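**Q** Give me the fold of what follows.
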Amino acid sequence: MDAEQLIKQFLDAIWVEQGLSKNTLSAYASDLYIYSGWLAGGKLLEVDKTHILHFMAYRHNEGVGKRSLARVLSSLRRFYGYCIRESFISVDPTALIEIPRIVQTLPIALSEYDVELLLSAPEISDLLGYRDKTMLEILYATGLRVSELVNLKFEQVNFNQGWVRIAGKSDKERLVPIGEEAMSWLETYIDNARKTLLNGRQSDYLFVTNRATAMTRQAFWHIIKRYAKKSDIQKDLSPHTLRHAFATHLLNHGADLRVVQLLLGHSNLSTTQIYTHIARERLKELHAKYHPRG
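**A** I've put the predicted structure just below:
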């Protein structure tokens, strides 16, 4: 079979076996098609370690960072692991290649004061401002990913019990409490601002634009950037800033790490443990600032 057929067969196989998300499959596909194009002849099964190293060097020279290079190598490893299992090849060309070392950087977490500033920034007398305020409240109250927030539908929210049901990465489902204050904002938004924005039109999505369509992740992130600037928050916010704040503030107030893991939808506790480092750094800052011998 040709390179394209082989890649498609691989993607179909891992989707069936592991139920990977569309984003993950898309990343694998992108890496493999770039790799296949670089090989020119597309002979994916006729390579050795040298080919892989040269390709990694090529991607590095193209400006690809260490984290992305690690993902590229992970894609190739999984692909050639599949080829071994299917007996397409007998030797894995990636077997002796080390993953580039990545210095783990702590995510930026807003202080509780900064979060209050951000949540207060939208002008709630305006329809879109009220919607934005509600979205920010929900985001901070639940720790959802931005993509999960903008794709929220009515069927996912239990308004009586105050829970939201999320199908996260790899379609792993989790239940997250919304909290009284955020729920109050949500209910008022639905009864007032949302109805006006829809103007008789129908939508399954909770948060809509003035065109009655669902908001995109990129559009909402521009909104957050605007409110951060309005609040004079001097930090480079990322798409997960409020999610990071949600986790860090829970830990700062005594939440159990495994509870935070469940709320965030992390498969491994090690992923959640980075927030304990943020919490410790915050404690050190407070100690240095307020202790007489700090």
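**Q** which parts of the helix ranked longest in the chain are buried?
**A** Taking residue count as the measure and DSSP state H as the definition, the longest helix of the chain comes out as helix 66-85. When neighbours are counted by 16 or more other Cβ atoms under 10 Å, the buried residues of helix 66-85 are found to be 69-73, 75-80, 82-83. To be clear about C-beta, it is placed using only N, CA and C from the backbone, and glycine gets the same treatment.
**Q** downstream neighbour of that helix in the secondary structure list?
**A** Past helix 66-85, heading to the C-terminal end, the next element that is a helix or strand (DSSP states H and E) is helix 112-120.
**Q** what's in contact with that following helix?
**A** If you take Cβ atoms under 8 Å, 6 or more residues apart in numbering as the criterion, helix 112-120 is touched by 110, 133, 136-137, 140, 224, 227-228, 231-233, 235, 242, 245, 249.
**Q** so where's the stretch 151-294 of the chain uncertain?
**A** Within the stretch 151-294 of the chain, the ranges that satisfy pLDDT under 70 run 168-171, 271, 277-287, 289-291, 293-294.
**Q** mind listing the helices in it by residue range?
**A** For the stretch 151-294 of the chain, the helices defined by DSSP state H, counting those that start in this stretch cover 180-191, 193-198, 217-230, 241-252, 257-264, 269-272, 274-290.
**Q** Can you point out the buried residues in the second one?
**A** Spelled out, it's helix 193-198. Applying a neighbour-count criterion of 16+ other Cβ under 10 Å, one finds 193-194, 197 buried in helix 193-198.
**Q** do the third one as well
**A** Taking 16+ other Cβ under 10 Å as the neighbour-count basis, helix 217-230 is seen to contain the buried residues 220-221, 223-224, 227-228.
**Q** Output that helix as PDB - backbone C-alpha positions only.
**A** What follows is the C-alpha trace of helix 217-230 in PDB, where atoms were taken according to Å, rounded to 0.1, in the frame of the first residue of the first chain:
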ATOM      1  CA  ARG A 217     -12.600  28.900  21.200                       C
ATOM      2  CA  GLN A 218     -10.400  31.600  19.500                       C
ATOM      3  CA  ALA A 219     -13.200  34.200  19.700                       C
ATOM      4  CA  PHE A 220     -13.700  33.600  23.400                       C
ATOM      5  CA  TRP A 221     -10.000  33.800  24.100                       C
ATOM      6  CA  HIS A 222      -9.800  37.200  22.400                       C
ATOM      7  CA  ILE A 223     -12.600  38.300  24.800                       C
ATOM      8  CA  ILE A 224     -10.600  37.100  27.800                       C
ATOM      9  CA  LYS A 225      -7.600  39.000  26.600                       C
ATOM     10  CA  ARG A 226      -9.600  42.100  26.200                       C
ATOM     11  CA  TYR A 227     -11.000  41.900  29.700                       C
ATOM     12  CA  ALA A 228      -7.500  41.200  31.100                       C
ATOM     13  CA  LYS A 229      -6.300  44.300  29.500                       C
ATOM     14  CA  LYS A 230      -9.200  46.300  30.800                       C
END
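**Q** For that helix, name the packing helices and strands.
**A** For helix 217-230, the helices and strands in contact under the criterion 3 or more Cβ pairs under 8 Å, 6 or more residues apart in numbering; DSSP states H and E are helix 112-120, helix 127-142, helix 146-150.
**Q** the domain parsing of this protein - what is it?
**A** Using automatic domain parsing, the domains assigned to the chain come out as 3-85, 112-290.
**Q** So which of those domains is nearest residue 93?
**A** Closest approach to residue 93 among these (Cβ to Cβ): domain 3-85, 5.1 Å.
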